[in-house]
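Here you go, sequence then predicted model.
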Amino acid sequence: MHNKQFLIRDANSSDISTLMELIRLKAEFDGCLDFLEATPKKLEDTLFCENPLAFVLLAEINGNPIGFATYHRIYSTFLAQPGIWLDDLYIKAEYRRLGIGEALIKRLCQITQKIEGGRIDWIVAVNNTPAIEFYEKMGAKIMQQVRLCRLEREAFCALRSSEAMVP
């Protein structure tokens, strides 16, 4: 079927069109294509600039891009240590179950150890049973007692506009 020889490497600015395709596939998989606002220019300005806001690992088989992971550094006050936030992990459907997701997680573990980090955090959709099982098999604890909170653009703009009332 597929040759199991794959490569995990840091993405660079020449990979932007590939990243756009993979990000679009991830958005489709997540059922939120309508929310996709990434553009090649935005990726260039935020990922491949002097001070990148995040980093991308690209998975390839025989030079063919088949998946990616995006991550950035975080800080835990409880640990008083840095860590990694895994933002996206996506493998094209036909390349799943070949060890590529595990290889991406292992690379993130290496990166976390290199920065003397204390943990890697991420979210997973509650109905994504295959991903939950995969993460648990890797040793991840699925936290049931916390919920993701998000202030989107409209909300934080509304809060900011009311800042004149804050002493």
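That came through, no problem.

By mean pLDDT, flag the weakest helix or strand of this protein.
Every helix and strand of the chain was ranked by mean pLDDT, DSSP states H and E. The lowest is helix 153-161, at a mean of 84.

okay but residue 12 is in contact with residue 44, surely?
No. Counting by C-beta atoms under 8 Å, residue 12 stays clear of residue 44, with 10.8 Å between them. (Glycine included, C-beta is placed from N, CA and C.)

before we move on, the earlier item: got the contact list for the least confident helix or strand of the chain?
residue 151 (C-beta atoms under 8 Å, 6 or more residues apart in numbering).

Off-centre distance for that helix?
Computed by C-alpha atoms, centre = their mean, to the nearest Å, the separation of helix 153-161 from the middle of its chain amounts to 25 Å.

Put the alpha carbons of it into PDB.
Once non-C-alpha atoms are left out, helix 153-161 reads as follows in PDB (Å, rounded to 0.1, in the frame of the first residue of the first chain):
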ATOM      1  CA  ARG A 153     -13.100  39.000  17.900                       C
ATOM      2  CA  GLU A 154     -16.600  40.500  18.400                       C
ATOM      3  CA  ALA A 155     -16.500  39.800  22.100                       C
ATOM      4  CA  PHE A 156     -13.100  41.200  22.800                       C
ATOM      5  CA  CYS A 157     -13.800  44.300  20.600                       C
ATOM      6  CA  ALA A 158     -16.900  44.900  22.600                       C
ATOM      7  CA  LEU A 159     -15.100  44.500  25.900                       C
ATOM      8  CA  ARG A 160     -12.300  46.800  24.700                       C
ATOM      9  CA  SER A 161     -14.700  49.500  23.700                       C
END
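
How about that helix, which residues are buried there?
By neighbour count on 16 or more other C-beta atoms under 10 Å, the buried set for helix 153-161 is empty.

do the same with stretch 62-71
Buried-residue list, stretch 62-71, by 16+ other C-beta under 10 Å: 65-71.

Restricted to strands, list the residues you listed.
Secondary structure defined by DSSP state E assigns 65-71 of those to strands.
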